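>>> Need a 3D model of the following:
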Amino acid sequence: MLALENLSSGLAKDARFVLKGVARNGKQGRKLLAKTRPDLLFLDVELPDVTGMELLQDMRDQMTWNMRVVFYSAYDKYMIHAIREAAFDYLLKPFEEKELRDILARFVEQAKNDGKELLPSAVSMNSGQTFIVFTPTNDMRALRPAEIGFFRYCSERKQWEVVLNNQPPLALRRGTTAEQITQYSPGFVQIHQSYIVNIDYLMIIKDGKCVLYPPFDKVTELLVSRKYKKKLQDRFCL
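Prediction:
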């Protein structure tokens with residue numbers, strides 16, 4: 001309770017932010033997140049009924065808005081690569097005021113860089129959604145749609161992977177489905193049993209294949225199957 005009060009008090013000192021609510025366990029947290037859809041979430045690593053990472057995993061299909069996560073914990077043993085990949089930042093209990101100010105300042109700076117308007121009493125970040133995916137080793141990775149050219153299903157490994165801009169392909173955890181992927185963003189559209197494209201990069205459909213804008217313009221494998229072609233044409237007037 002003391003850690004919760006200290007954090008709430010620290011956040012209240014910055015007039016650019018509004019504290020939308022506090023939850024004391026995972027059950028309350030799920031309801032609060034769905035209700036408030038926060039831009040910035042401070043999440044305890046160990047809640048009474050669930051871990052913070054488990055809560056994010058359980059809710060990932062519902063998180064269709066842009067939200068950055070700061071993990072909050074008294075144990076630095078959790079400061080591992082998986083958490084760093086998924087989190088915007090990490091705050092150790094008890095924290096110094098400067099540590100919290102630095103996190104909030106970095107959040108505001110990123111909001112400016114993203115072209116978001118900073119209101120006097122709140123930060124608005126409703127576009128350019130960030131979502132969390134899970135790798136085969138159960139690490140968490142935060143991605144933005146702009147990084148993604150397409151998703152590809154690898155039949156040999158029986159898992160999807162995401163093809164990123166200027167980065168190696170990222171394998172997704174086994175069990176991830178095409179339906180889950182297309183729910184991440186309305187711009188992710190399935191064109192084939194084995195391919196889901198980011199429609200923002202689609203230039204043209206030529207000879208039964210999707211041609212993408214740079215930096216994915218060299219890709220030649222994106223076949224459009226009959227099953228999905230008409231849906232694609234009807235939806236996007238192609």
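>>> which stretches of the chain form helices?
For the chain, the helices defined by DSSP state H occupy 2-12, 26-36, 52-59, 81-86, 97-113, 178-184, 226-236.
>>> between these, which one is nearest to residue 70?
helix 97-113 (6.0 Å; Cβ to Cβ). (Each C-beta comes from the backbone N, C-alpha and C, glycine too.)
>>> Buried residues, that closest one. List them.
With burial defined by 16 or more other Cβ atoms under 10 Å, the residues of helix 97-113 counted as buried are 100, 103, 104, 107, 108, 111.
>>> Could you look over the helices of the chain and pick the most buried one?
helix 52-59 (a mean of 18; mean count of other Cβ atoms under 10 Å).
>>> Any idea how far that helix is from the middle of the chain?
In terms of Cα atoms, centre = their mean, to the nearest Å, the centre of helix 52-59 is set 12 Å apart from its chain centre.
>>> which helices and strands does that helix pack with?
For helix 52-59, the packing partners by 3 or more Cβ pairs under 8 Å, 6 or more residues apart in numbering; DSSP states H and E come out as helix 26-36, strand 40-44, helix 81-86, strand 131-134, strand 140-143.
>>> how many neighbours does residue 213 have?
As a burial measure, residue 213 scores 13 neighbours (other Cβ atoms under 10 Å).
>>> circling back: would you turn the helices of the chain into TSV with distance to residue 219 and mean pLDDT?
Converted to TSV, the helices of the chain look like this (distance: least, Cβ to Cβ, whole Å; pLDDT from 0 to 100):
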stretch	distance to residue 219	mean pLDDT
helix 2-12	44	88
helix 26-36	36	92
helix 52-59	30	83
helix 81-86	25	50
helix 97-113	28	86
helix 178-184	17	88
helix 226-236	17	76
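>>> Need the residue closest to the centroid of this structure.
Using Cα atoms, centre = their mean, the residue of the chain that lies closest to the mean C-alpha position is residue 131, 1.5 Å off.
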